[in-house]
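Colleague: Need a 3D model of the following:
(one chain, ligands or ions: 1)
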Amino acid sequence: MDEEIKRLKKEKDAIILAHNYQIPEVQDIADFVGDSLELARVSKKVKERTIVLCGVKFMAETAKVISPEKTVLLPEIDAGCPLADMADKERVVKMKEKYPDGWVVSYVNTTVEVKAVSDVCCTSGNAEKVVRNVPAKRVIFLPDKNLCWYVKKRVPEKDIICWDGYCFVHRQFTVEDVKKARQLYPFAEIIVHPECEPEVQELADGIYSTSGMLKRAKESKAKEFIIGTEEGLLHRLKRENPEKEFYSLGSARHCYNMKKTTIESVKKALEESRYEIVIPDEVIEKARKAIERMIEYV
Ligand code: SF4
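Modeller: Okay, the predicted model is just below:
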């Protein structure tokens, strides 16, 4: 299968990019593995004409916005993100009308239509910086309320209105999970994602985006880590730090959308050029402005 995929990549002038939450087999055949921001950055630089994005739909849309001249394929068309679907364009426009002095700051986990009506985008790694630097006192932050709570705490000078969305995967980690992990692994460092509930964030040793977790695992003197994010990240953590131990916080938490992509679906995507992401030019243009502003404010 690996050989066949290599041959197809060459034939189609394609590159495979995979998110950190993908199944290990898909991570292993990818040319690059990273978080959503890293995938977006790489999409801009690649020389291949086709990008096979192994992740969820908003990630493939972001790659298309950044590189509209490329063909972007999502191997599983119904790999969506329930968090992204919690914010829709119509409600965002209404919020903007209600608070005309507010800036809409959208997490990358939003649909391209929502990005197109947002003032600026952010990631979990730079949300705090973006919110601090936007030229408005009032901010409408969407869609994740836990990430919003995290930002609010660190940027008290802004008047931040949180959207009511959440990631069902990160929401499952509990205070009980943290307490049990402390008992079982008293020397381990507990690091969690800012999409986790506030009570879980408060009990953890550190709060990091997925790329922040990878960096922390390398730099920390700890030998054991408890990871509070989607379990797919453990594969990369273990591969990059073979001398350290990594455990999921509580039971391993799966994002079923991230697990839909398989080696077979990647092969099919290459063979049949499916499923191509198509976005109207004017939506691409507007969404790109919000993404470019993010770079400006960090
Ligand atoms: S882990 Fe959460 S935020 Fe990420 S794709 Fe799955 S549902 Fe969306």
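Colleague: which of the residues in stretch 151-171 are buried?
Modeller: Buried residues in stretch 151-171, defined by neighbour count with 16 or more other CB atoms under 10 Å: 151-152, 155, 158, 160-163, 165-167, 169-171. Backbone N, C-alpha and C define where each C-beta goes, glycine included.
Colleague: got it, and stretch 244-261?
Modeller: By 16+ other CB under 10 Å, the buried positions in stretch 244-261 come out as 244, 246-250, 253-255, 257-261.
Colleague: Name the surrounding residues that touch the longest helix anywhere in the chain.
Modeller: The residue-count maximum for a helix in the chain (DSSP state H) belongs to helix 281-297. Here helix 281-297 makes contact (CB atoms under 8 Å, 6 or more residues apart in numbering) with 40, 61-62, 64-66, 68, 106, 112-113, 115-123, 126, 129-130, 133-134, 279.
Colleague: Now go through the buried residues of stretch 244-261 and say which are in strands.
Modeller: If you go by DSSP state E, the buried residues of stretch 244-261 have 246-248 in strands.
Colleague: Take these and write them to CSV, including pLDDT and distance to residue 4.
Modeller: Below are these laid out as CSV (pLDDT from 0 to 100; distance: CB to CB, whole Å):
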residue, pLDDT, distance to residue 4
246, 98, 32
247, 97, 35
248, 97, 33
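Colleague: ok, the residues you listed vs residue 206, which is closest?
Modeller: The closest of those to residue 206 turns out to be residue 246 (CB to CB; 14.1 Å).
Colleague: residues in contact with residue 28?
Modeller: Per CB under 8 Å, 6+ apart, neighbours of residue 28: none.
Colleague: change it to 10 Å
Modeller: Neighbouring residues of residue 28 by CB atoms under 10 Å, 6 or more residues apart in numbering: 2, 18, 22, 235, 239, 263.
Colleague: which one among these gets closest to the ligand?
Modeller: Lowest distance from the ligand to the contacts of residue 28 (CB to the nearest ligand atom) belongs to residue 22, with 10.7 Å.
Colleague: ok, back up a step: can you lay out the buried residues of stretch 151-171 as TSV showing pLDDT and secondary structure?
Modeller: Compiled in TSV, the buried residues of stretch 151-171 are given as follows (pLDDT from 0 to 100; DSSP: H, G, I helix; E, B strand; the rest coil):
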residue	pLDDT	secondary structure
151	98	helix
152	98	helix
155	98	coil
158	98	coil
160	98	strand
161	98	strand
162	98	strand
163	98	coil
165	98	strand
166	98	coil
167	98	coil
169	97	coil
170	97	helix
171	96	helix
